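Engineer: Show me the folded form of this:
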Amino acid sequence: MAYINPSPGNAGAQVTLKVYHTSKVADATGLSIPGLQDITLNNSNDVMTWSQLDSGSKKQVATTSTNGLDMNLVVDATSFFGTGALTTAVSRGIFGLSKDKVIVEFELYIGDDSAGVNTKQISGFGYITGLAPTVSADSPVWVTPLSITVTGDYTVTAT
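Structural biologist: Residues are numbered from 1 along each chain as shown. Modelled structure (predicted):
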């Protein structure tokens, strides 16, 4: 699983990200994204602003939001390129899911203790985008940014 190593004094903290080909129903096993270096959960509400002649201040109302996950990861060849078949996230790999524009179902687990209590899961559907693998002398392993552009709303549940 793609755990982020917790700091001392918070041994149970963990974050895992799993994606499924099309849906969790169609792809029961899913692909755990390995090698996460960081992850950012975005929820940006748009705001409509207008002026009225009877007010000295502008009026505002929240409208739809733009949702997405942004992360950086160390490239693992098997999870990046897949295993060959085209019916599951594991077989397509991260690159195949992005290249073929497959909508994925994702689950981001945010845990705060090792017993699995007090954990939350943020899930939804989206597209994998933003792949740009790089390697250099200072970083002799392949690393890539990865974004999941969310279509629709997040769902937050306790696990």
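Engineer: Might you report the residue contacts of the residue nearest the centre of the chain?
Structural biologist: A centroid search over the chain (C-alpha atoms, centre = their mean) returns residue 69, at 4.1 Å, as the residue closest to the centre. For residue 69, the contact set (C-beta atoms under 8 Å, 6 or more residues apart in numbering) comprises 17, 39-42, 106, 108, 126, 147-148, 150. The way it works is simple: take the backbone N, C-alpha and C, and place the C-beta from them, glycine included.
Engineer: hmm, 7 Å instead?
Structural biologist: By C-beta atoms under 7 Å, 6 or more residues apart in numbering, the contact list for residue 69 reads 39, 41, 108, 147-148.
Engineer: can I get those residues in CSV with pLDDT and neighbour count?
Structural biologist: Compiled in CSV, these are given as follows (pLDDT from 0 to 100; neighbours: other C-beta atoms under 10 Å):
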residue, pLDDT, neighbour count
39, 91, 20
41, 92, 16
108, 92, 22
147, 97, 18
148, 97, 28
